[in-house]
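Engineer: Need coordinates for the following:
(chains A and B)
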Amino acid sequence: MSLISTLARLEAVEAGRARALATVRHRHVSERPLVFVPLTTAGEAGAPLGALVGTDPAEPRLLVVPQPRDRDLRFAFLADLAEAVLPYVDAYADAVEPVERSETDPATGGKVKVEVELCLDAPQLVVPSRAGVEYVRLLGRSMRFRRTAEQDPETPFPAPPRVPLLGRWLTHYGDRARVPGSSLLVAATDLLNRHWATGQSSLEDQHLGALLAWIDPPAGESGEAAALRAELGRDQGGQLLCPPAGPATDPAFDNRLLAPAIERYDRARQALGAAEDGEAADERLGALHRAEREVRRLVLSQLRPTWDAVWRALELVRELPPGRRVADRWTRDRWSFTGHRDRVRAGEPPQPRRDDAVTAARKLAAREAAQAQLEAQEALDDPLVMAGRRLAGEAFAGEVVDVTMTWTESKRPSPRPLVSVRTDDAPHLGAGVKAYRSLDGRPQTAVFVGYEEDGGGAGGGRTVVLRVLDRMGRSREPAEGSVPEKGDRIVWTLFEHDQRVGPKLPDPEETPWTHGGPPRQDAAEAPDPVTPEDVL
Amino acid sequence: MNHEVSDPSSAAAEATRGILRDTLHGDARGVVVDSPPGAGKSTLVVRAALELAAAGRPLMVVAQTNAQVDDLVLRLAEKEPELPVGRLHASDADAYDKALDALDGVVTSTKAADLAGLPVVVSTAAKWAHVKGVEPWRHAIVDEAYQMRSDALLAVAGLFERALFVGDPGQLDPFSVVGAEQWAGLSYDPSASAVSTLLAHNPDLPQHRLPVSWRLPASAAPLVSEAFYPYTPFRAGTGHGDRRLAFGAASDGSAADRVLDEAAESGWGLLELPARHTPRTDPEAVRACALVVRRLLDRGAAAVSERAEHPVPVTPDRVAVGTAHRDQAAAVRAALADLGVAGVTVDTANRLQGREYDVTVVLHPLSGRPDATAFHLETGRLCVLASRHRHACVVVCREGVADLLDEHPSTEPVQLGVTVKFPDGWEANHAVLSHLSEHRVAWRP
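Structural biologist: Numbers count the residues shown, from 1 in each chain, chains lettered A, B, ... in the order given. Next up is the predicted model:
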């Protein structure tokens, strides 16, 4: 944790209310996000209990599995989920703009311009917490290898038609969420934690209710008291006032309310199966519906507070103006969405269970570049974030007190002005350290020359001498406005603003011997085998 | 197996012979050499390079940093001034050490094609990764292979047919600034070390070990070996009487002087500050580090070793201060400047890897912390900091680290398929701390 965020937390404790960590919004928030609040069944991996899903805060769609161990009901749930999610995804697939992209021509090896489609906007999925993101991955993994009757008439347990496709999309979204700064799939807790510091630990910050209590406490109540109530408060029946944001449910709810209700549902179903005549069947069907409604009511009681909390979180984050470079990162998300759309349309098989060596290395490199880019962009977009970097000695702000023109000693001398900057910050400068400033949105490089001997002066500041190296044009005299002028107040960073392009890795078919050679070509991966657990 | 050879020199020579035999005449595609701190890794790399060049096998050498590459080229040129050596470098203005320009045998270029045909070409892994469309080299030497990430090896492995991998398994593991848990346990986990991927796919490669540390004194080798290399022990190349540290001026009785005397006597000193939770750049501890260095230089320390007949003064360039974080290093540098000390190296463990000094002063990674995170517990970090010295090491630390360790047992999730590192940082920290406690001097500010 950086010094400035520690300070913000201390201030939050003192004030009893969260403190801002940012002055602008650093993540894209769609105008019409799809909020997805899932719940899972205790004790069984990947058995959904229910979910609220939808784009309208007032009208969530409730999906419930009244008996989560019943595979048919589970498939019905997934089919309903596909019907709720896929139309939303599809709605973005056809609104495109033409974009030029340079690609390598396989025949000549040279760069050629090709015109490709880029989706104008992309669907955004919002879940309550990081555990929700993980659950999206799990659902994706459990669905994408399923086969429908259409794909494989022989399959013993065909999946409903659109379920494998939903699995592929959720897998893609789950994978994209690992890219720093991406916004296709976001957790509400991450959105809030990026922009506010609370007076509790970062572990406690994973509790959406407690987090909101610090940021947006009820009138007249301190954030700390509200957070404590959100975490621990129970009603007379022993149920949490603020149910967990899931996907795990509270054990007290499971034991006292859910389990009896599911048992009543089971009994009603058995009774219906044992009905001997039509009249009895009708009556027992009514009982079954009542039992199912009761389970639905219970599940909704756990989901609804979280649903409202996610929308409240979105509201809070939306109040901040977006950072300048947020749209740039969202464009990358749009590329990611468009790319997967194209792969689905081209009939490619689902994403493999495990990445091969080359794909894994590529993904890691892309994420590291995204992380470095995110850190730089957030600082450039937001003076409060930059203040943290300045405090850490990774940037400094100062006033230009002197500019001396010098030139390189070559046949065609280029300008290399020396700029003296008076700063009160304490950057980690040393021989050969480069500093960058933003000039018309692009970085200009300077190199640290030394400190000016001015005896410290009043206020304990220092004068840093930098030599500007680039972006001054080709002629002997630097281009207009390209050299800092006396009196300018400039922020210099010691970190680069853009990322260098990493090396090109070999193609998977050329994986070297050190990494096990090319992956085996078993064509598309086989679907998950059926286990006894699939046929309860 | 290793039969015991009594004389360290012959033991080291025999190990080297075995390595060169497998490298030059073996039929395995790779040879792995584990080298503890100061065991002559660089010497081995230079020797292997010269022998491969002499055998007429075009060789590429992969090192991890530009400083390592330049150092290697200088060593090669020193040993064999006639040998043409290529230095492949980036296009930045200060991409390589300008001292190389003065050497006749060295050719520098930004393009691999310009250097084709030279017997030896040296560059960083990052630069090699951009080399495309060239004839593969017959042989490669990968230096600091344990500090190289698996994905970096993936990018360069297509450039060579066979390779000698050399490195120190006890130093800092490579790391990634983003999570890589999704690949944990895969044999080619891109965030793992190059050697672990290599051996996972080629378990039958010959593995060698250099058995003698020429850097660490007899007072340090057993501790470092036991704490960090329990299953692959090594020993010091020198005996207890071979190295001594003496001061021109007597102690003034201050804590800094007493801890220096203790370290000169026993090889280790622990300057213990009162227990306290502090920010990372703990001003008292930082000042204590600077003061110890200042007193060391003021008192005219002189080192006696096997390298020279007479005592050699310990000059600032033979002293280093090691920290865990960059801001700590910056704070120590500022404190040293305030005390008028110049020329002493102050850096983080990551940057001190592979370097050697007479005396080191270490700001303990856990000093003053309220918690012990995986970063601060990492075995390699402590190992690097505790194994840079030829004579003595002074550790500056707040009291209470042993309790802190007991309150924070390792809680890293266990990943299937990942080899458990042993000893873990928790265990190694305790081992070092209990040894240091025998050389404790209390500091009362």
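Engineer: and the strand ranked longest in chain B, what does it pack onto?
Structural biologist: The residue-count maximum for a strand in chain B (DSSP state E) belongs to strand B:389-398. Here strand B:389-398 is seen to pack against strand B:244-247, helix B:255-266, strand B:268-273, helix B:283-298, strand B:357-363 when contacts are counted using 3 or more C-beta pairs under 8 Å, 6 or more residues apart in numbering or on different chains; DSSP states H and E. (C-beta placed from N, C-alpha, C; glycine too.)
Engineer: Buried residues in that strand, which are they?
Structural biologist: For strand B:389-398, the buried set under the neighbour-count rule, 16 or more other C-beta atoms under 10 Å in any protein chain shown, comprises B:His389, B:Arg390, B:His391, B:Ala392, B:Cys393, B:Val394, B:Val395, B:Val396, B:Cys397, B:Arg398.
Engineer: before we move on, back to that, return the most buried member of the helices and strands packed on strand B:389-398.
Structural biologist: Of all those, strand B:357-363 has the most neighbours on average by mean count of other C-beta atoms under 10 Å in any protein chain shown, namely a mean of 27.
Engineer: Please identify the buried residues of the worst-scoring helix or strand of chain B on mean pLDDT?
Structural biologist: Ranked by mean pLDDT, DSSP states H and E, the weakest helix or strand in chain B is helix B:374-377, scoring a mean of 87. Across helix B:374-377, burial judged by 16+ other C-beta under 10 Å covers B:His376, B:Leu377.
Engineer: Could you tell me the per-residue confidence at the residue of the stretch 251-400 of chain B found nearest chain A?
Structural biologist: Nearest residue of the stretch 251-400 of chain B to chain A, counting by C-beta to the nearest C-beta: B:Ala330, 4.8 Å away. Looking at B:Ala330, its pLDDT stands at 90.
Engineer: That one contacts A:His428, doesn't it?
Structural biologist: Yes. B:Ala330 lies in contact with A:His428 (C-beta atoms under 8 Å); the separation is 4.8 Å.
Engineer: These two - which one has more neighbours?
Structural biologist: Remark: of B:Ala330 and A:His428, B:Ala330 carries more neighbours, 21 against 16, as counted by other C-beta atoms under 10 Å in any protein chain shown.
Engineer: which residues touch the more buried one?
Structural biologist: B:Ala330 is in contact with A:Gly393, A:Ala426, A:His428, B:Thr281, counting by C-beta atoms under 8 Å, 6 or more residues apart in numbering or on different chains.
Engineer: Just want the angle from the stretch of helix or strand it belongs to to strand B:357-363.
Structural biologist: Assigned by DSSP states H and E, B:Ala330 belongs to helix B:326-338. Interaxial angle, helix B:326-338 versus strand B:357-363 (axes from the mean of the first three to the mean of the last three C-alpha atoms, to 10 degrees): 110 degrees.
Engineer: C-terminal to helix B:326-338, what's the next element?
Structural biologist: Immediately after helix B:326-338, counting by DSSP H and E, sits strand B:345-348.
Engineer: After that following strand, heading C-terminal, what element do we hit next?
Structural biologist: Next element after strand B:345-348 (DSSP H and E): helix B:349-352.
Engineer: In that next one, which of the residues would be classed as buried?
Structural biologist: Of the residues in helix B:349-352, those buried (16+ other C-beta under 10 Å) are B:Ala349, B:Arg351, B:Leu352.
Engineer: Against which helices or strands is it packed?
Structural biologist: strand B:319-323, helix B:379-385.
Engineer: Name the nearest residue to whatever residue of the stretch 1-150 of chain A ends up closest to chain B, ignoring sequence neighbours.
Structural biologist: As assessed by C-beta to the nearest C-beta, chain B sits closest to A:Leu3 within the stretch 1-150 of chain A, at 7.0 Å. Closest residue to A:Leu3 apart from its sequence neighbours, by C-beta to C-beta, 6 or more residues apart in numbering or on different chains: A:Leu391 at 5.4 Å.
Engineer: What values do phi and psi take at B:Ala163?
Structural biologist: Dihedral pair for B:Ala163: phi -150, psi 150, per degrees, to the nearest 10.
Engineer: Tell me which residues touch the nearest residue to it once chain neighbours are set aside, please.
Structural biologist: Spatially, and ignoring its direct neighbours in sequence, B:Ala163 is nearest to B:Ala140 (4.1 Å; C-beta to C-beta, 6+ apart). By C-beta under 8 Å, 6+ apart, the contact set of B:Ala140 is B:Leu59, B:Met60, B:Val61, B:Val62, B:Leu159, B:Phe160, B:Arg162, B:Ala163, B:Leu164.
Engineer: for A:Pro506, same thing?
Structural biologist: By C-beta under 8 Å, 6+ apart, the contact list for A:Pro506 reads A:Val358, A:Pro512, B:Leu154, B:Ala155, B:Gly158.
Engineer: about what we covered before: what distance separates the helix holding B:Ala330 from the middle of the whole chain?
Structural biologist: Chain-centre distance of helix B:326-338: 22 Å, with C-alpha atoms, centre = their mean, to the nearest Å.
Engineer: Give me the subset of the contacts of B:Ala140 lying in strands.
Structural biologist: Taking DSSP E as the definition of strands, these contribute B:Leu59, B:Met60, B:Val61, B:Val62, B:Phe160, B:Arg162, B:Ala163, B:Leu164.
Engineer: What is the nearest of the residues you listed to B:Leu100?
Structural biologist: Nearest to B:Leu100 out of these is B:Val61 (C-beta to C-beta; 14.2 Å).
Engineer: bridging residues for the closest one?
Structural biologist: B:Val122, B:Ile141 (DSSP bridges).
Engineer: now it: how far from B:Ala163?
Structural biologist: According to C-beta to C-beta, to the nearest Å, B:Val61 stands 10 Å off from B:Ala163.
Engineer: what's the overlap in contacts for the two?
Structural biologist: With C-beta under 8 Å, 6+ apart, B:Val61 and B:Ala163 have common neighbours B:Ala140, B:Ile141.
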